[in-house]
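> Provide a 3D model corresponding to the input given below.
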Amino acid sequence: MGRLFGTDGVRGIANEELTPLLAMQLGQAGASVLTKENKHMPTIMVGCDTRISGDMLANALMAGLCSVGANAVYVGVIPTPAVAYLTKKYKVDAGVVISASHNTVEFNGIKFFDGNGYKLPDELEDEIEALIRNGMKGVEFPSGSRVGKIKYRTDAREEYINHAVQSVPVDLTGMKIVVDCAEGAAHYTSVEALRQLGAEVVAIHNMPDGTNINSNCGSTHMEEIQARVVFEKAQVGLAFDGDADRLLAVDEEGRIVDGDQIMAIVGNHMKQQGKLKKDTIVATVMSNLGFFLMGEKEGIHMEQTKVGDRYVLERMREIDASLGGEQSGHIIFLDENTTGDGLLSALHLLQVMVETGKPLSELSKIMTVMPQALVNAKVPNHKKENYMDYPEIADAIQKLTDKFAGEGRVLIRPSGTEPKVRVMIEGKDQKMIEAEAHKLADLIQNVML
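Numbering: from 1, shown residues only. Predicted coordinates for the structure are as follows:
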């Protein structure tokens, strides 16, 4: 069995890989590790996205919390960044989100935040995992009045909305915005926040039924919102993922504006206003080459990390940066929240549009997006970290790296959350890089199966 924790918590097919038993054990071990320094009865906040397995896993996890003497505060369906923010605001000991983010309905996940709203470092995750593997050795299971209890709160999402609109109080009167809620956690919070700020909101995919989350909608399926923005003659489209911690946008002409472009637009505006700490943005190695070239031109220093918004956050905290994120739309505004926040990202982007008076199509020209091809090779989950152990794969990667040296780049990495190896190539010729990426992905898939 491989490591339980990936780049974004524990994730798998609900009731097969991520079972109620495992959820209960994660509750027990997580509470024990995260509150071991406490002398009081700990309290842990729990929220989830809209997928049907959320109730099953949340209740199993909370049973685990209560069984080791921790109290649970259940806030129901709410965005991941809301749990991060409210964990700190309510001064509880930790937070947990039941969500598989952008994945389809059969998947679910469990991710932890510490008492300050930050995702856990690898060492703490390893400690939680070790407890589970060792059969909870040393964990106390109290009885009587020392067993934990569950408190249900229905006001949490309103507090998160208030925080967002107070953090970025932009006047959106007269602006027409199409919002794709991905049938997920943003279906209420994002629409309500934008309306409170005066926008005319055209909401799509905001009727979650537990089974339709991320189904041909949201930030992983942009075709519908692109067409709808043009049809509605809207100024902008905003697409969230299932747990609303990422955002992609669509300009008034129906073109996608990705996370790199959003960071470029907002970061440059923050720099001009003296609000970009150290004139620095933290990004991952997967960010487009054009993003780094924009940084050179605009005098913005770019810090690079490995893929995963948790690693972006760790670097931001190390150097005291205020902005960082990923091309996929995980963008962190560290002065306002401790994790990627789709709603805050949307409000910051809209604020630049309002304050400059420029359409998004013009603002996005701040960087030239280099042609990029990203192809996934499906491989067994337990093998995905070892792709370089296969000589023919290693040889093919080296040949491609030599071929694109100086005129692009080749980046191969295992997915942190899925049984895939991702092949990304940048270069000048879109057709050629797509062909090469597919060829290499096919090779990896065939050799490793």
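
> so who does the closest residue to A100 other than its chain neighbours touch?
Once flanking residues are discounted, A100 sits nearest to F107: 3.9 Å by Cβ to Cβ, 6 or more residues apart in numbering. Every residue, glycine included, has its C-beta placed from N, CA and C. Applying Cβ atoms under 8 Å, 6 or more residues apart in numbering, we find F107 in contact with 11-14, 18, 51, 100.

> what does C66 give?
Here C66 is in contact with 72, 147-150 (criterion: Cβ under 8 Å, 6+ apart).

> which one among those gets closest to H348?
A72 (32.7 Å; Cβ to Cβ).

> Give the helix, strand or coil label for the closest one.
strand (DSSP: H, G, I helix; E, B strand; the rest coil).

> For S101, list the residues it contacts.
Contacts of S101 (Cβ under 8 Å, 6+ apart): 8, 80, 109, 241-243, 245-246, 417.

> need these in JSON lines with neighbour count and secondary structure, can you?
Below are those laid out as JSON lines (neighbours: other Cβ atoms under 10 Å; DSSP: H, G, I helix; E, B strand; the rest coil):
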{"residue": "D8", "neighbour count": "24", "secondary structure": "coil"}
{"residue": "T80", "neighbour count": "31", "secondary structure": "helix"}
{"residue": "G109", "neighbour count": "23", "secondary structure": "strand"}
{"residue": "D241", "neighbour count": "34", "secondary structure": "coil"}
{"residue": "G242", "neighbour count": "33", "secondary structure": "coil"}
{"residue": "D243", "neighbour count": "36", "secondary structure": "coil"}
{"residue": "D245", "neighbour count": "33", "secondary structure": "coil"}
{"residue": "R246", "neighbour count": "29", "secondary structure": "strand"}
{"residue": "T417", "neighbour count": "19", "secondary structure": "coil"}
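
> Confirm G6 sits in a strand?
Yes. Secondary structure of G6, determined by three-state DSSP: located in a strand.

> Model confidence for the closest residue to it other than its chain neighbours, exactly?
Excluding the flanking residues, the one nearest G6 by Cβ to Cβ, 6+ apart is G416, at 4.2 Å. pLDDT, G416: 75.

> phi, psi of G416?
phi -80, psi -10 (degrees, to the nearest 10).

> I256 and G76, how far apart?
32 Å (Cβ to Cβ, to the nearest Å).

> Out of the contacts of C66, name the ones that lie in strands.
Those of the contacts of C66 mapping onto strands are 72, 150, per DSSP state E.

> Give me the buried entries from the contacts of C66.
72, 148 (16 or more other Cβ atoms under 10 Å).

> Let me have the contacts of C66 in JSON lines, extended by pLDDT.
Output for these, formatted as JSON lines (pLDDT from 0 to 100):
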{"residue": "A72", "pLDDT": "98"}
{"residue": "V147", "pLDDT": "96"}
{"residue": "G148", "pLDDT": "96"}
{"residue": "K149", "pLDDT": "97"}
{"residue": "I150", "pLDDT": "98"}
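
> ok, the contacts of C66 vs Q445, which is closest?
Distances from Q445 to these, taken by Cβ to Cβ, are shortest for A72, at 41.9 Å.

> ok, that closest one to A31 distance?
Distance from A72 to A31, by Cβ to Cβ: 9 Å.

> Please enumerate the shared neighbours of the two.
44, 65.

> Which helix or which strand is home to L22?
In this structure, L22 is located in helix 20-34 according to DSSP states H and E.

> do K111 as well
According to DSSP H and E, K111 maps onto strand 107-114.

> Restricting the selection to alpha carbons, write that strand to CSV.
Presented in CSV, the C-alpha positions along strand 107-114 are these (Å, rounded to 0.1, in the frame of the first residue of the first chain):
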residue,chain,number,x,y,z
PHE,A,107,-14.2,10.2,-5.7
ASN,A,108,-14.0,11.9,-2.4
GLY,A,109,-11.2,13.1,-0.1
ILE,A,110,-10.3,14.2,3.4
LYS,A,111,-8.0,17.1,4.0
PHE,A,112,-6.9,18.7,7.3
PHE,A,113,-6.1,22.2,8.4
ASP,A,114,-4.3,23.1,11.6
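
> quick one: it to helix 20-34, angle?
If you take axes from the mean of the first three to the mean of the last three Cα atoms, to 10 degrees, strand 107-114 sits at 10 degrees to helix 20-34.

> Please tell me how far A435 sits from K306.
27 Å.

> And the contacts of S101, which is closest to Y160?
Of these, the one sitting nearest to Y160 (Cβ to Cβ) turns out to be T80, at 10.6 Å.

> Distance from the longest helix along the chain to the middle of the chain?
If you go by DSSP state H, the chain has its longest helix at helix 430-448. Averaging C-alpha positions (Cα atoms, centre = their mean, to the nearest Å) puts helix 430-448 26 Å from its chain's average.

> avg pLDDT for that helix?
Rounded mean pLDDT across helix 430-448 is 94.

> Run through the neighbouring helices and strands of it.
strand 372-378, helix 391-404, strand 420-426 (3 or more Cβ pairs under 8 Å, 6 or more residues apart in numbering; DSSP states H and E).

> Not counting its own residues, what contacts it?
With contacts defined as Cβ under 8 Å, 6+ apart, helix 430-448 is touched by 371-380, 383-384, 387, 390, 392-393, 396-397, 400, 403-404, 408, 412, 421, 423-427.

> of these, buried ones?
Burial by neighbour count, judged by 16+ other Cβ under 10 Å, picks out 371-379, 383-384, 387, 393, 396-397, 400, 404, 408, 412, 421, 423-427 from those.

> Just want the phi and psi numbers for the residue sitting furthest away from the middle of the chain.
Note on the chain: the largest C-alpha distance from the chain mean falls to G144, namely 39.8 Å (Cα atoms, centre = their mean). In terms of degrees, to the nearest 10, the main-chain angles of G144 are phi 60, psi -140.

> tally of neighbours for V236?
23 (other Cβ atoms under 10 Å).

> Need the contact partners of the helix or strand bottoming out on mean pLDDT in the chain.
Least confident helix or strand of the chain, by mean pLDDT, DSSP states H and E, is strand 5-6 with a mean of 86. Contacts with strand 5-6, where a contact means Cβ under 8 Å, 6+ apart, come from 122, 125-126, 128-129, 415-417.

> just those now: which is nearest N116?
Distance to N116, by Cβ to Cβ, is smallest for E125 among the contacts of strand 5-6, at 16.3 Å.

> Packing partners of the helix or strand harbouring the closest one?
For E125, the element it lies in under DSSP H and E is helix 122-133. Counting contacts by 3+ Cβ pairs under 8 Å, 6+ apart, helix 122-133 is packed against strand 5-6, helix 20-34, strand 107-114.

> and whichever helix or strand comes after the longest one, which strands flank it?
Sequence order places strand 43-48 as the next helix or strand after helix 20-34, per DSSP H and E. The partner list of strand 43-48 in its sheet, established with DSSP bridges, is strand 71-77 (parallel), strand 94-98 (parallel).
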